[in-house]
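> my questions are about this predicted structure, shown below with the sequence.
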Amino acid sequence: MQNILNTFFALLVRLLYLLACLVCLHLARGEDYLVPGDVVLRSDKAAQETLEQSTGAATLRFLGLDIFPRAAVTAMYDDNLLIAHSNQLRDVEWTISPGVTVAAGDVSLYQPGSVTLGQIRNLLNQSLLDDSPKPERYLGVDYAPAVNRFTDHSQYDNVDQTAGLSAGYDFARVAIGADLDFSRLEVKDNDIGSLVTREQIDTKLRSRYEVTDRSAFEINALYRQLTYANNIFQGYEEFRNEDWFDRKVGARLEIDSGIALGFVHPQLSPDQTYQQALLRASYLLTGKLDVRARAGVEWRHYGARQSDTLDPVFSLEAVYQPRLSTTFSLEGHQRSEPSFGADYNYEIVGFSAGVQQQVGGQIYMELSGNYEHVDYVRLNSGPSNNRADGYFAVRANLGYEFNRHLKGTLFYDRRQDDSNIPQFTYANNMAGVRVAWRY
């Protein structure tokens, strides 16, 4: 244990010294500061920032495609590798993560600086929800492996894989879009209570028909597949359809009514179907406030002896940016989904909040936290474990942007689960340093 700590702190001192040298060199050069690409800007500010930047340095282009390579190196001390209740394993984890985003459709004209798949996906949301300037058609593809190595417990070495795609096409009155995400990750699964390999595929298809400048119809579809490398844990497939009638009320408010139909196929449990009656509202105060809320009721039916259920469902997303240097965010949700164990569903209620503050032009401070209460609901008449968990996490970041390409970050994470079954109760602290480069 002492050798691990000595190794980590020696590395941390060297990395901090390197970061300090880079900061001093950067300040000595007196370069102009550019707004970092990972800060979320409202569409009008994004257009303004684009005009202010040099077009010659914005992108790498090849065969009409914009290419945005990136790479990151992370060193992290972890005091509970397997999120165990007792006999915790401690180690230093090293991660090298290269990545690349490729975009087509003049996306760089509508986004400042380096472009990420998340920003392209936000263009898709804008094209379906507001009248902001946007490309009529675009495509983005992203791939990022991550090589994870441990100092003393090499049996847990692994390589994570993530890939994504986002595309959109906007006709005169019809907008269509598609998102595809794939991930194969070694994750600390709070519900299983250990480190597990999990694979997930999410596919979303969206369409919107503008009837008038104030009303529209949407037909959307979702396919999700979740599997575990160890087949003793239950994965599932879900097919979902959502149909909406959207109505703008004034210049900033939109209120929508809709229905959702779903089919869920757990690997080890009977199938489930559900219907939802929903209301949705979005409020956009340009450059300041973006709020999206959804609420309704769900009727769920089980292919077992479990009685049908009637439960509320809701989600909330809010971003408030009183000034360009300060961003507040808030999120809430309630949902039901199959658990990792046969014959159980999760009933989840949770929320998260965060704040990001830019200080002195190049320093960023972030603080965020989230909480989820999870009940395990037995789906047949057998004996129940009556398990209930309260999961809490907080994260603090201190970052410095040397220029629009290079950023260094110190971070600290605290996670804990308070379960009524002692073996799933744990506490976990992680701290480290990350250096990221983006073209």
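On my side now, so go ahead. Numbering: from 1, shown residues only.

> what sits opposite residue 198 in the beta ladder?
Residue 198 has these beta-bridge partners by DSSP bridges: residue 185, residue 228.

> touching, it and residue 225? I think so.
No - applying Cβ atoms under 8 Å, one finds residue 198 not in contact with residue 225, separated by 11.2 Å. For every residue, glycine as well, the C-beta is placed using N, CA and C.

> the more surrounded of these two?
Taking other Cβ atoms under 10 Å, residue 198 and residue 225 do not tie; residue 198 has more neighbours (19 against 15).

> which residues do residue 198 and residue 225 both contact?
Counting by Cβ atoms under 8 Å, 6 or more residues apart in numbering, residue 198 and residue 225 have no contacts in common.

> can you tell me the SS state at residue 219?
strand (DSSP: H, G, I helix; E, B strand; the rest coil).

> nope, residue 118 is what I meant
Recorded secondary structure, residue 118: helix (three-state DSSP).

> quick one: pLDDT of it?
pLDDT for residue 118: 80.

> burial measure for it, as a count.
Residue 118 has 14 nearby residues by other Cβ under 10 Å.

> and the one 3 residues further on, by the same measure?
Under the neighbour criterion other Cβ under 10 Å, residue 121 is assigned a count of 20.

> doesn't it lie inside a helix?
Yes - assessed by three-state DSSP, residue 121 belongs to a helix.

> how about the contacts made by it?
140, 166, 179.

> from those, list the buried ones, please.
140, 166, 179 (16 or more other Cβ atoms under 10 Å).

> out of these, which comes closest to residue 360?
Distance to residue 360 across these (Cβ to Cβ) is lowest for residue 140, with 32.6 Å.

> re the thing from before, in strands only, show me the contacts of residue 121.
140, 166, 179 (DSSP state E).

> I figured residue 139 hits residue 104, correct?
Yes - with contacts counted by Cβ under 8 Å, residue 139 reaches residue 104, the gap being 4.6 Å.

> so what's residue 341 up against?
Contact analysis of residue 341 by Cβ under 8 Å, 6+ apart lists 233, 234, 268, 376.

> ugh, wrong one, I meant residue 346
So residue 346 contacts 191, 336, 337, 338, 339, 374, 375, 376, 377 (Cβ under 8 Å, 6+ apart).

> of those residues, closest to residue 320?
residue 374 (28.3 Å).

> what does the pLDDT read for the closest one?
Looking at residue 374, its pLDDT is 95.

> ok, now residue 127?
pLDDT, read off for residue 127, is 40.

> go on, residue 15?
Looking at residue 15, its pLDDT reads 48.

> residue 278 is in contact with residue 298, correct?
No - assessed by Cβ under 8 Å, residue 298 is found out of contact with residue 278, at 9.1 Å.

> which neighbours do those two share?
Both residue 298 and residue 278 are contacted by residue 313, under the criterion Cβ under 8 Å, 6+ apart.

> about what we covered before: among the contacts of residue 346, which one has the most neighbours?
Going by other Cβ under 10 Å, residue 338 tops the contacts of residue 346 with 24 neighbours.

> bridging residues for that one?
residue 345.

> over to residue 293?
With DSSP bridges as the rule, residue 293 is bridged to residue 281, residue 316.

> distance of it from residue 167?
Separation of residue 293 from residue 167 (Cβ to Cβ, to the nearest Å) stands at 27 Å.

> same thing with residue 68?
Separation of residue 68 from residue 167 (Cβ to Cβ) stands at 17 Å.

> who has more neighbours out of these two?
residue 68 (24 against 18).

> please enumerate the helices of the stretch 51-200 of the chain.
117-129 (DSSP state H, counting those that start in this stretch).

> so where's it uncertain?
51-59, 106, 108-113, 123-135 (pLDDT under 70).

> the same query, at a cut-off of 90, please.
In the prediction, the stretch 51-200 of the chain carries residues with pLDDT under 90 at positions 51-66, 103-138, 168-175.

> where exactly do the strands run in it?
60-62, 65-78, 91-104, 137-150, 158-170, 174-189, 194-210 (DSSP state E, counting those that start in this stretch).

> how distant is the fourth one from the center of its chain?
Right, the one you point to is strand 137-150. 14 Å (Cα atoms, centre = their mean, to the nearest Å).

> what strands flank that strand, and is each parallel or antiparallel?
strand 91-104 (antiparallel), strand 158-170 (antiparallel).

> closest to residue 381 out of the ones you listed?
Closest among the strands paired with strand 137-150, using Cβ to Cβ: strand 158-170, at 40.1 Å.

> orientation of that closest one relative to strand 194-210 in degrees?
0 degrees (axes from the mean of the first three to the mean of the last three Cα atoms, to 10 degrees).

> and strand 158-170, what's buried?
Quick answer for strand 158-170 (16+ other Cβ under 10 Å): 160, 162, 163, 164, 165, 166, 167, 168, 169, 170.

> with stretch 353-361 instead?
Buried residues in stretch 353-361, counting neighbours by 16+ other Cβ under 10 Å, are found at 354, 356, 358.

> so what's the first one bridging to?
When you say that, I think you mean residue 354. For residue 354, the beta-bridge partners under DSSP bridges are residue 329, residue 368.

> that one and residue 255, how far apart?
Residue 354 is 27 Å from residue 255, by Cβ to Cβ.

> same check on residue 234?
Using Cβ to Cβ, we find residue 234 at a distance of 38 Å from residue 255.

> pick out whichever of those two has more residues nearby.
residue 234 (19 against 14).

> tell me the contacts of that one?
Here residue 234 is in contact with 228, 266, 267, 268, 269, 338, 339, 340, 341, 342 (Cβ under 8 Å, 6+ apart).

> now it, what's its secondary structure?
Look at residue 234: counting by three-state DSSP, its state is coil.

> can you tell me the closest non-neighbouring residue to it?
Of all residues beyond its chain neighbours, the one nearest residue 234 is residue 268 (4.4 Å), with distances taken as Cβ to Cβ, 6 or more residues apart in numbering.
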